[in-house]
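**Q** with the sequence up front, the predicted model follows.
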Amino acid sequence: MPLAAGLAGAAVVLSATHPARPGAPARVPPAATADAEDPPALGRAFYFTRAIYSSGFGGRRFASWRTDYPKADIQFLIGLRHLTVIDAYEREHPVRLDDPELRRYPFLYAVEVGYMALTDAEVRGLRDYLLAGGFLVVDDFWGTTEWRTFEREIRRVLPGRPIVEIPLDHPLLHAFYDIRELRQVPNVYLGRAGGRTWERDGFVPALLGIFDDDERLLVAINWNTDLGDAWEWAEDPFYPLPLANFAYQLGVNLIVYGMSH
Amino acid sequence: MGESVFALLFKYRPVLFQRGELAFSTPWPLVLLAAAGAVVAVVAYVRLRGGLPPRHRALLGALRLAALLVVLFALTRPTLVVPTVVPQQNFLGILIDDSRSMRIADRTGQPRGAFVADAFGDDGALRAALARQFQLRFFRFAGGTERVGRLEEIGFTGTETHVGQALDRVRQDLSAVPLAGIVLVTDGADHAGDALGESVHQLRAAGVPVYAVGVGEERIDRDIEIARVETPRTVLEGSSLVVEVLVTQTGYRGKTVRLDVEDAGRIVASQAVRLPADGEAATVRVQFTAAEAGVRRFQFRILPEAGERVTENNMREALVVVDERRNKILYFEGEPRFEVKFIRRAVAGDPNLQVVVFQRTAENKFLRLDVDHPEELAAGFPKTREELFGYRGVVLGSIEASYFTHDQLRMLAEFVRDRGGGLLVLGGRRALGEGGYAGTPLADAVPIELERLGDGAAGEFFQELRVELTPVGRLHPATQIAPTLDSSAARWARVPPLSSVNRVTGVKPGASTLLVGRNGGRSDASVVLAYQRYGRGRALAFPVQDSWLWQMHADVPLDDQTHETFWRQLLRWLVSYVPDPVTATTSADRVAPGAPVVLSAAVADSAYAGVNGAAVIARVVPPSGVEADVSLEWNVAEDGAYRGRFVAAEEGLHRVTVTARRGGTLLGSHTTFFEAGDPNTEYFGATMRRPALERVAEETGGRFYRAQDVAALPEDVRFTESGATVFERHDLWNMPIVLLLLMGLVTAEWSLRRARGLA
């Protein structure tokens, strides 16, 4: 199915539930209520699980795990269910890194990791999760300062493991869509403005990875790019459609790859 | 004892009555006179009055009549006419067991073979007695049979015993002379594996009785024996084997001994065995890993106990080909699921398994993983038998039946039934009954009952299952996830619960359940793993959807290998016995040098249809490397079946590579092995086999003797219709029983008359 058609379908669904207008903020529930959601339906093949983790507050007001939450998650799931045959749970699904239940969800998404400040329990939880077979995708952090923070934290989780570039011929980039180039996906404001796409000094988008001893990908790192905002605002006619498409394509590939490799 | 009492009463031994015919030689007038006397005597009682009740009169009359009948019998001069050999005009074949089991010392401390020297040596009483009547011809037999001039030539070194073959040989060798019978001296342990029936039938037709002398004890009082070892012929390298070992014993009941399994001198498994009651068998299951590729001789050994009479039967060997072949399995998954990721991860390091994944990711969009070449599965799920049958196993994930054409579903069933492939069906919202498989051509192959569910049934059902091992599963190789049976069972008790979205009501008749699952406190269990044989292949059902939790669950330690081991074991077992288009087998793992071994081959084309009229050559390579080609001939009774014989001239491991061609096209080749050497079978089942020997003797008109009762044999052999015979007449009127009977009857009558005041 052409991606554009899928996204159009997604937009139609969203327009019924989110009468968003350009520039309107996402309707995000208070973070405090996130843990109190109804328990998800059991037995589904896939849960888009968002990592709840501790952050410092040294920069942006909303620089925490809940950025773009839950609209980005729900909207991306609509696209994912439309574009693939994955039996994905339709709702957002946040889980704390130190929650043993995390191990039931082998795919994990984390944003704004440039402000991570993990507790020891979270470090242990994430390390065990990854070493057991979990797959972490990080997104939406920009520039060298945020990189340093993330690198510091992820080194606590996986000490000694190098962070390497994922080449364009890697199976991840061809698991569902054939992605031949990496594009920088801007936040909603820059996207609507139609000018620069970078933030801070994050000029070039990168897809990096941390592998285990058997060359299995444990962590996929989207640096200097913001897939989540593109998912969240895909229905916005002012957000650049090619970049939204790319964000969906990479997102789908990350999930199909993460469920098979 | 019984026979001597009989001879005391009846004057002659029972054998004369068995062989002879009764005749009478008294003139008729005398008989008539006696009969008239009897009538008068009885009438006298009948006419007697004097208050005697009729009952007593009848009894007295009967006693007197009986006494007169005994007299009448004697007066008729009864005679037993018995055919008897003419001295020195007949031959007697003496067939002596030359096998090693005759060296076994029985309770007396004397080896069984000592009887042969005692009875048939130069000073042997039995030999002397027989030689007075017959020309004796001695033969020895073990694996083969040959004439011997002197008893010293018999060294009891034979490694096999072929009783039937030996009887045939003696009958044929002595067919030109008057043969009075064959004396068979043996412990009766026949390892030929052939039925004795044909030999016995021939002897009976030729009128040659067999006098079987059973040497040895019918029960060895102190012995432990490994009676049988059941191993698969081929396993994949690194697979767990669960081998059944049958242990029998006498004299050590309740004792615990250790069964060791050795591979090239290294103990690979050890199991404590509590010995069963005398004469009973204990089945011991021992688990070990076939770690090294190649032909392995596994030795199963129980160390001899103090006082054990036969220690050679405490060890058995089994030849197992440990295969390092890579087995290609097609895993078709109808939707992205974490099962794919974790199954691939589990088997990633297994050199024997190649799991090719064909996964639907969107409608008409598929992901292919670990294919051998870019064209593989490029056109979708295989549409031809040749393509599908190239795999050794197929795993069906959450893929609905309607995805397949009717022919593809039939082909999948044929993949198991005809090709002998392994099929594993997993649970999932589009699988099994929820996937619409009930009533399809594949339904019969699946080991669980499939329900016909309406549209929209998927997604309605969910249950969490705590998995339990069944008694069958505890011993099954597919469910071994730790080094020993006990540790495996203990690990199963700790695995995290799984979930199922499939309603499973039960297994098919004939299917075995290896794992069950319980939902909360409910007493009824759901099937979690079941299998059945279907035609030539095997089919498994694993109707759960998230076995990856055995890897990911928070309760599972990071270094736990349960998930990996389970999937490797399961998939290895699924494809372990899957045949190639050409499959070679031998009639035995181990044969004695000089004995023939039957080489068989099953030849099929790439669609696994039997091929007749192919050129099939077996190349046999003995240890010396001097190859020999044996042409295998098609057996018209069966499509694709070929057979030939080979006689091993040298000892050691023989490699047999069968190659089949049709019209110059190679259909395939397959290699198997057999060993030529001491089969070491003589010490197994080493008790004297009385029932078998009795049957041979009875059916041929001969008789069975224990070694200690053999004194009667020379006389018995005389009374035969075989060979040159005359008829001997033996009077019966003067048998002690006649006098005793007469006296008894007369005394009884007199006593009764006296009691009634008549005397």
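**A** Good, I have the coordinates. Residues are numbered from 1 along each chain as shown, chains lettered A, B, ... in the order given.

**Q** can you give me the helices for the stretch 51-200 of chain A?
**A** Per DSSP state H, counting those that start in this stretch, the stretch 51-200 of chain A carries helices over the ranges A:71-83, A:120-132, A:143-157, A:188-193.

**Q** okay, now the unreliable bits of the chain?
**A** Defaulting to chain A. Along chain A, segments meeting pLDDT under 70 span A:1-40, A:57-62.

**Q** I was thinking of chain B, sorry if that wasn't clear
**A** Across chain B, the ranges flagged by pLDDT under 70 are B:1, B:26-27, B:46, B:48-51, B:190-195, B:454-459, B:521, B:759.

**Q** please list the residues of it that sit near chain A.
**A** Within chain B, the residues that sit near chain A (Cβ under 8 Å from any Cβ of the partner chain) are B:334-338, B:340-342, B:344-345, B:348-349, B:357, B:359-363, B:365, B:367, B:369, B:398, B:429, B:462, B:464, B:499, B:501, B:545, B:548-549, B:551-554, B:556, B:558. For the C-beta atoms, the positions are set from N, CA and C on the backbone; glycine is no exception.

**Q** check the stretch 1-150 of chain A for the residue nearest chain B and tell me.
**A** A:P100 (3.6 Å; Cβ to the nearest Cβ).

**Q** contacts only, for the closest residue in space to that residue that isn't next to it in sequence.
**A** Nearest residue to A:P100 in three dimensions, chain neighbours excluded: B:A554, at 3.6 Å (Cβ to Cβ, 6 or more residues apart in numbering or on different chains). By Cβ atoms under 8 Å, 6 or more residues apart in numbering or on different chains, the contact set of B:A554 is A:P100, A:E101, A:L102, A:R103, A:D128.

**Q** quick one: the last one and A:P70, what's the gap?
**A** In this structure, A:D128 lies at 26 Å from A:P70, with Cβ to Cβ, to the nearest Å as the measure.

**Q** sorry, back to before: looking at the residues of chain B next to chain A, which are in strands?
**A** Applying DSSP state E to the residues of chain B next to chain A, the entries found in strands are B:V357, B:Q359, B:R360, B:T361, B:A362, B:K365, B:L367, B:L369, B:E464, B:S499.

**Q** what about the fourth one, neighbour count?
**A** Neighbourhood size, B:T361 [other Cβ atoms under 10 Å in any protein chain shown]: 24.

**Q** quick one, phi/psi of whatever residue of the stretch 551-700 of chain B ends up closest to chain A?
**A** Using Cβ to the nearest Cβ, B:A554 is the residue of the stretch 551-700 of chain B that sits closest to chain A, at 3.6 Å. Here is the backbone geometry of B:A554 (degrees, to the nearest 10): phi -60, psi -20.

**Q** quick check: residues of the stretch 101-250 of chain A near chain B?
**A** Counting by Cβ under 8 Å from any Cβ, the positions of the stretch 101-250 of chain A adjacent to chain B are A:101-104, A:106, A:128, A:131-134, A:175-176, A:214, A:216.

**Q** ok now do A:A175, which residues does it touch?
**A** So A:A175 contacts A:N253, A:V256, A:Y257, A:S260, A:H261, B:T361, B:L367 (Cβ under 8 Å, 6+ apart).

**Q** could you pull up phi and psi at whatever residue of the stretch 151-261 of chain A ends up closest to chain B?
**A** Using Cβ to the nearest Cβ, the closest approach of the stretch 151-261 of chain A to chain B is made by A:M259 at 4.2 Å. Dihedral pair for A:M259: phi -90, psi 0, per degrees, to the nearest 10.

**Q** how about it, nearest residue that isn't a chain neighbour?
**A** Spatial nearest neighbour of A:M259, chain neighbours left out: B:P336 (4.2 Å); criterion: Cβ to Cβ, 6+ apart.

**Q** show me the contacts for the one you found.
**A** The contact partners of B:P336, by Cβ under 8 Å, 6+ apart, come to A:A45, A:F46, A:T84, A:V85, A:I86, A:I255, A:V256, A:M259, A:S260, B:Q359, B:T361.

**Q** and those residues, which is closest to B:S240?
**A** The shortest approach to B:S240 among those belongs to A:S260, at 27.8 Å (Cβ to Cβ).

**Q** give me the nearest residue to that closest one, chain neighbours excluded.
**A** Going by Cβ to Cβ, 6+ apart, A:S260 has B:V340 as its nearest residue, at 4.8 Å.

**Q** again with B:Q561
**A** Spatial nearest neighbour of B:Q561, excluding adjacent residues (Cβ to Cβ, 6+ apart): B:I481 at 7.9 Å.

**Q** pull the CA atoms of the top helix by length along chain A into PDB?
**A** Under DSSP state H, the helix in chain A containing the largest number of residues is helix A:241-258. Written as PDB, here are the backbone C-alpha positions of helix A:241-258 (Å, rounded to 0.1, in the frame of the first residue of the first chain):
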ATOM      1  CA  LEU A 241       4.400  15.500   3.900                       C
ATOM      2  CA  PRO A 242       7.700  13.900   2.600                       C
ATOM      3  CA  LEU A 243       9.300  14.200   6.000                       C
ATOM      4  CA  ALA A 244       6.200  12.800   7.700                       C
ATOM      5  CA  ASN A 245       6.300   9.900   5.200                       C
ATOM      6  CA  PHE A 246       9.900   9.300   6.000                       C
ATOM      7  CA  ALA A 247       9.200   9.400   9.800                       C
ATOM      8  CA  TYR A 248       6.500   6.700   9.300                       C
ATOM      9  CA  GLN A 249       8.700   4.700   7.000                       C
ATOM     10  CA  LEU A 250      11.600   4.600   9.500                       C
ATOM     11  CA  GLY A 251       9.200   4.000  12.400                       C
ATOM     12  CA  VAL A 252       7.600   1.000  10.600                       C
ATOM     13  CA  ASN A 253      11.000  -0.400   9.600                       C
ATOM     14  CA  LEU A 254      12.300  -0.100  13.200                       C
ATOM     15  CA  ILE A 255       9.300  -2.100  14.500                       C
ATOM     16  CA  VAL A 256       9.300  -4.700  11.700                       C
ATOM     17  CA  TYR A 257      13.000  -5.100  12.200                       C
ATOM     18  CA  GLY A 258      12.700  -5.200  15.900                       C
END
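
**Q** just checking, what packs against that helix?
**A** Using 3 or more Cβ pairs under 8 Å, 6 or more residues apart in numbering or on different chains; DSSP states H and E as the contact criterion, the elements in contact with helix A:241-258 are helix A:3-17, helix A:71-83, strand A:135-139, strand A:217-223, helix A:227-232.
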